[in-house]
Each structure stands twice: as C-alpha cells, then as structure tokens.
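A.B. asks: here is a sequence with its predicted model. Questions after.
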Amino acid sequence: MDGTLLLQLTINGVLLGGVYTLAAFGLSLIFGVSGVLNLAHGEFLMLSGFLVFLVSDRLGINPFVAVALVSPLFFAVGYAFERLLIRPLALRKEHVRLASATLVTLGAALILEDGAAFFSLGTEFEKSVGYFLPTLRLGPLVLPSLKLVVFGLVALLIAGLAAFLKYTYVGLAVQAVTQSPRGALLNGVPTARIGAVAFGIGTFLAAAAGGLEVIHSYVSPLIGLPLTLKYLCIIVMGGLGSFVGVALGGILIGLGESFVGFLNPAWGQTVAYLLLVLVLLTRPTGLLGK
Amino acid sequence: MRRSVPVLALGLGGVLVAGLLALPWLPLAGGGYAVKVLTLLLIYVVLAQSYDIVGGTMGYVNLGHIAFFGLGAYACGIAFNAGLALPGALAAGMAVVMAFAALISYPFFRLRGAYFSLAAFGLVKLMENVTINLRWLTGGSNGLKVAAADRTLPMYYLTLGLAAATILAGWLVNRSRLGLAMKSIREDEAVARDFGVPTLRIKTQALVLSACFPALMGGLYMWYFNFIEPAQVYGLKIALQPVAMALLGGSGLVVGPVLGAALLYALEEFIWTHVEHLQGAILGLVVVLVGLFMPGGVARLAPVQRLLERIGLREDDR
C-alpha cells in the first residue's frame, strides 16, 4: 500500500466518520440526559431523509435548503416522543426501566420502519437526490467535493452544538443533568423539561444527518436499525458523557470501515462491532470515559 | 368476592392440568396443524424462559440472547453435516455455545445496565455478519442445509421435553443459592459485592446456564427445518421476541415467560392470518404498549395473582 492510497483511504474514512459523528452526538445527548438507549434514533434519521427527498424532489428546492427546512421539525418530534413514550417510564426500577425503554423504542422503530416501507412501495425503494458537484483533484488525490461540503456542514453543526452546551443556560442545564440528575434537580434545574429538550435536540441532529445522508448517499426504510446500532457502538466506544470521545469513536469507525472495506469489502460492515468489543475488553468505560 | 374465586380457580387449574397432561398425546389425536403450531410455541417458551434467567432473575437485559440460538443452530448443523448423529451434533453445538458464553461474559459483564444490553445487541449483528462472511463454513447468505426428512413428530416431543427442562431449570434457579445471588445483583450489584457475592463468577454462571437452552433449541430448529439462513436466526424480530414475551408475561417469575410466549404468539398468529398490511407495525405497536403499560407483566396483575395463588403457582416475588 503506497502513501497516496493510504492518504486517500484516510480522507475517505474521516469524511465517512464525520457524518456518523453527527447523529451519534444526538444519541449521546439523549442517553446522557435520560439514560435511555433510543433504538428509534436511526428511524428518525431515515424518516427525515425521506422527507428531504420528497421536499426537494416535489417542490424542486435545493436539497441543502430542504434539510434546513425539514430537520428543525424533528425537534418537535423528539420532544413529543419523550413526553409521550419515555417520560412515563421515568419512575420505574432501574432494570425494569431499561427493559421497558428498550421495548418502547424498539417497538417505535418497528412501526416507523414498517410504515415507511409500506408508504414508499410502488416507487423505487432507495431514495437519493441527484445532486452533484465536480470532483476536486489534488495531485493524485481525489477529493469528493460533495462529501467535503457535507463534512463542513457537520463540523459547523457540531461546533454550534458545543457552543450551545457551553454558553447557554439550557446547554449548561443539559450538561448538569448528564452529570447528576439529582444534583441538577436540587439546584433548580427543571430536569423533566431538560430531558425533553435534549431529546428534541438529539432527534434534530439525527434528522440533519438523515438529510445529509440522502444528499451524498441514499436512504431506504431498512437503514434505521443498523445505523442506530452503529451509533450506539460509537458512543459506547467513545465513553459516556465525553463528546470528544464520540467524535473519536465516529472517526475511528469511519477509518476502520474505509480501510477494511478496501482490503475486503465483505468485512467492512463488521468493523464497528469488532472495534467495540476490542475497546470494551481494554477499557470498559470507553476510550475517554471516566 | 373471595368466595367466587375458588370455583373459577379450581376449574382453571383443572383445565391447566388436563391441558398439560394432554400435550404428549396430542399427535395421536391426529392434529397435524396443532402439532406444528405447538412446536413453534414451545420454541418460543424455551427462548423466553431461558432469556429470563439473565434478564428477569439477574436484571441484565440481554438483547443478545438470540446469538446463542443462532450459534447453536449453525454449530449443530455443521456437526450434523460432518456426519455426527443428532445427539452428538446437539452436544457439539451446546459445547460451542457454552464456551462462547463463558468467553464473552468476561468483556461483556464489565458493562452495566444499558451498556451491557446494547453491546449484547451488537453481538447479534456481529454474529450475523461473521456468519455471512464465513461462506466456506456456513454457506454465507445462501444458508445452511442438512439432509431433509419429515421430523415433525420427534421434533414435537424433543421440544416439549426441552421446554419442560427449561421451565424446571428456571424454577430451580429461582429457589437456589445461585438464584438468590443473582437477585441480589439485580437489586444492587455494588451492595451485593460488598457483602461477599462473587458477582463476576455468578454472572458468568448465569449466562452460561441461560445459553445452554437456546443452543439446544437452535440445534433442534436447524434439524427440524433442514435449512437456516443468517437473517432467520439472527434477525431483529426473533431477537426481540423473547424479551417482549418475558416482559409481557412477567419478567422474573417462572410462569411469566410461559404466559407471555403463549399470549404474544397467539396474537402474532392472529395478525399474520387476519391482517393484510403493516403486520410489523402492529407488532411494534403491541411491543410499545407492553413496554408502556405492563412493566410487571400479565402475571403480576392482581386478578391473575389471585388465580395463581389458588392453583398454587404464585411465587414469592422479591
């Protein structure tokens, strides 16, 4: 493997990992605040991808504008989801709560997946907006410019999220609840409302990732759960409560898939789970977890 | 109010006993369809009951339980194709799965709560991917075949026996020292460890024990259907099934998973035969409702508890 190829695979891996990171941030935020593994996370991503496709296809809008229009709606979706389905479980015993939250979110995932498959039948199954940008060449390196733009947007959104968490009252409250729900409550943070807000923001991030996904790749009704699992691998690998860890996990899995996928395409999708098991063997709290 | 219960309970207990006694004789009555339906139900009973050893008694929601089933099916099928007779192939499958369970318990039980659940869930996906990629061994996505034969009757009796063994194991575990240690882990693991419960060893024992039954069941399943493919034994729906059944029936009680398996299976059969579209969505809705409104399961509802009390099946629920 020569240097150019190595560099090319690294670039591809980092670009891939960037999009993973965005949705994984959302999941990490939700898990941190409510302690719930939202197995429907990837379904919201899929749904938003479909909506972006519909909006830009039917109304003829630029897909990036469509993402900006569609994804904020998912804040409301996530907020409502938390109020209706997650909040009622809050007072149960730990393991009962875990099992019921798993059932509720997994059941919701089944409903969304089957519903999307039902309503998208008749036309082609996989949706993608035909949006192209000329490819950049840097000497022997190929830079997929569309993916670069997507990566830039992801970086922008993540920077925005970091600023939100650091400089606003609500963001600080979200961090406080993540660290200690009881401590936050005692200090006057309305933990229940913050839980719903975090759910909304997390779902918004998934929706944004879904919109970007349909621009540079495709969505189909069946991508939800495998993606959710991949994001879960990322946040566990990175370590709970560590946003840098999530980014690290996302990039690592992107790199792993890029390299292994090049050497042997069949094993590319296995990398995330293998990496997870390896990391957990050595560091049970994740790469940067405490 | 209390007066009216004994008659009803006696009647129900009678029906239950009569039904259980009738199970071994069912094929003689010539109910071919009934035998097939009951075999499938018993498969679910084995899976849900064995899931609940770790999920209910110990409180570790093992979303990867089905990995043992799939691995058992593949290991047994490969051994069977290599020329072993059924008992040998089943034993080989079980040995592989038990070793696997012991092996993964070290990294996986370093995780707690939700982390454990999702790592176990990822394990199922990993197994599916590995199975698809090891084409020379498993047939990849084309699936694995064994010599075909009509095995309806022996399968029914073997599954019946295995289901009875699984329920017995669940009952014994609940009464044993091991079960007590597992419950202490469920209630508060840190305290249990401080009081001298060897938590890692107990957790490993529980996982290996709960892995035997799906391993055997997977082997029988392979032998009965002659053919399996990765999506069939590692699929999302079958992975979710035992968890939903145990919770619907009453996780942590011995009667719970059995009750849940019967109820959910009956409901599914109804949906598949009576509803044309969106069956998956309806199933999802049922699962959501179970999670939302029945944290204790059917077996913990007050009237059901009274009934169980009367027929002597109520368990000490602590």
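C.D. replies: Nice, I can see it. Residues are numbered from 1 along each chain as shown, chains lettered A, B, ... in the order given.

A.B. asks: quick check: mean pLDDT of stretch B:306-318?
C.D. replies: Averaged across stretch B:306-318, pLDDT comes to 77.

A.B. asks: ranges for the helices of the stretch 101-250 of chain B?
C.D. replies: B:113-133, B:135-138, B:152-175, B:177-187, B:189-194, B:199-225, B:230-234, B:236-249 (DSSP state H, counting those that start in this stretch).

A.B. asks: just name the most buried of these.
C.D. replies: Stretch with highest mean neighbour count among these: helix B:236-249 (a mean of 26; mean count of other CB atoms under 10 Å in any protein chain shown). Bear in mind the C-beta positions are built from the backbone N, C-alpha and C, glycine included.

A.B. asks: quickly check: that one near chain A or not.
C.D. replies: Yes - Helix B:236-249 lies within reach of chain A by CB under 8 Å from any CB of the partner chain, at B:236, B:240, B:243-244, B:247.

A.B. asks: so who does residue B:77 touch?
C.D. replies: Residue B:77 makes contacts with B:89, B:144, B:146, B:219, B:222-223, B:228, as judged by CB atoms under 8 Å, 6 or more residues apart in numbering or on different chains.

A.B. asks: redo that, cut-off 10 Å
C.D. replies: B:89, B:93, B:138-139, B:143-146, B:218-219, B:221-223, B:226-228 (CB atoms under 10 Å, 6 or more residues apart in numbering or on different chains).

A.B. asks: which of these are close to chain A?
C.D. replies: Subset of the contacts of residue B:77 in contact with chain A: empty, counting by CB under 10 Å from any CB of the partner chain.

A.B. asks: list just the nearest of those to residue A:23.
C.D. replies: Nearest to residue A:23 among the contacts of residue B:77: residue B:138, at 31.7 Å, using CB to CB.

A.B. asks: for that closest one, which non-adjacent residue is spatially closest?
C.D. replies: Nearest residue to residue B:138 in three dimensions, chain neighbours excluded: residue B:131, at 4.9 Å (CB to CB, 6 or more residues apart in numbering or on different chains).

A.B. asks: could I get the pLDDT score of that neighbour?
C.D. replies: Reported pLDDT for residue B:131: 92.

A.B. asks: please apply the same query to residue B:9.
C.D. replies: 66.

A.B. asks: do the same with residue A:124
C.D. replies: Value listed for residue A:124 in the pLDDT field: 56.

A.B. asks: residue B:174 too?
C.D. replies: On the pLDDT scale, residue B:174 gets 90.

A.B. asks: show the contacting residues for it.
C.D. replies: Residue B:174 touches B:52-53, B:56-57, B:180, B:182-183, B:252-254, B:315-316, counting by CB under 10 Å, 6+ apart.

A.B. asks: the same query, at a cut-off of 6 Å, please.
C.D. replies: Going by CB atoms under 6 Å, 6 or more residues apart in numbering or on different chains, residue B:174 touches residue B:254.

A.B. asks: give me every residue that touches residue B:210.
C.D. replies: Counting by CB under 6 Å, 6+ apart, residue B:210 has contacts B:50, B:53-54.

A.B. asks: what pLDDT does it get?
C.D. replies: Note for residue B:210: predicted pLDDT of 96.

A.B. asks: try residue B:1
C.D. replies: At residue B:1, the model reports a pLDDT of 45.

A.B. asks: what do you get for residue B:85?
C.D. replies: 91.

A.B. asks: and for it, the neighbour number?
C.D. replies: 10 (other CB atoms under 10 Å in any protein chain shown).

A.B. asks: what about residue A:286, neighbour count?
C.D. replies: There are 25 residues near residue A:286, going by other CB under 10 Å.

A.B. asks: that one and residue A:239 touch, don't they?
C.D. replies: Yes - at 2.8 Å, residue A:286 counts as touching residue A:239 under the criterion of CB atoms under 6 Å.

A.B. asks: quick check: residue B:238 vs chain A, distance?
C.D. replies: 13 Å (CB to the nearest CB, to the nearest Å).

A.B. asks: same question for residue B:26.
C.D. replies: Relative to chain A, and taking CB to the nearest CB, residue B:26 is found at 32 Å.

A.B. asks: pLDDT score for the closest residue to residue A:289 other than its chain neighbours?
C.D. replies: Spatially, and ignoring its direct neighbours in sequence, residue A:289 is nearest to residue A:239 (2.6 Å; CB to CB, 6+ apart). If you check residue A:239, the pLDDT there is 77.

A.B. asks: so what's residue A:239 up against?
C.D. replies: A:245, A:285-289.

A.B. asks: least confident of those?
C.D. replies: Out of these, that is residue A:289, at 72.

A.B. asks: double-check that that one belongs to a strand.
C.D. replies: No - read with DSSP: H, G, I helix; E, B strand; the rest coil, residue A:289 is coil and lies in no strand.

A.B. asks: is chain A contacted by stretch B:54-64?
C.D. replies: Yes - applying CB under 6 Å from any CB of the partner chain, one finds stretch B:54-64 touching chain A at B:59, B:61.

A.B. asks: who touches both of residue A:286 and residue A:239?
C.D. replies: In contact with both residue A:286 and residue A:239: residue A:245, using CB under 6 Å, 6+ apart.

A.B. asks: next one: residue B:232 from residue A:264, what distance?
C.D. replies: Noted for residue B:232: a distance of 25 Å to residue A:264, by CB to CB, to the nearest Å.

A.B. asks: meant to ask about residue A:188, not that
C.D. replies: In this view, residue A:188 and residue A:264 are 55 Å apart by CB to CB.

A.B. asks: ok, residue B:107 - how many residues close by?
C.D. replies: 17.

A.B. asks: residue numbers of the stretch 101-250 of chain B in contact with chain A?
C.D. replies: B:107, B:110, B:113-115, B:118, B:122, B:125-126, B:129, B:133, B:240, B:247.

A.B. asks: swap in 7 Å and give it another go.
C.D. replies: B:107, B:110-111, B:113-115, B:117-119, B:121-122, B:125-126, B:129-130, B:133, B:186, B:236, B:240, B:243-244, B:247 (CB under 7 Å from any CB of the partner chain).

A.B. asks: what ranges do the helices span in the stretch 51-200 of chain A?
C.D. replies: Using DSSP H, counting those that start in this stretch, helices in the stretch 51-200 of chain A cover A:63-70, A:73-81, A:94-119, A:145-167, A:169-179, A:181-186, A:191-216.

A.B. asks: one step back: turn the helices of the stretch 101-250 of chain B into JSON lines, columns for distance to residue B:77.
C.D. replies: Output for the helices of the stretch 101-250 of chain B, formatted as JSON lines (distance: least, CB to CB, whole Å):
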{"stretch": "helix B:113-133", "distance to residue B:77": "11"}
{"stretch": "helix B:135-138", "distance to residue B:77": "9"}
{"stretch": "helix B:152-175", "distance to residue B:77": "15"}
{"stretch": "helix B:177-187", "distance to residue B:77": "31"}
{"stretch": "helix B:189-194", "distance to residue B:77": "37"}
{"stretch": "helix B:199-225", "distance to residue B:77": "4"}
{"stretch": "helix B:230-234", "distance to residue B:77": "10"}
{"stretch": "helix B:236-249", "distance to residue B:77": "16"}
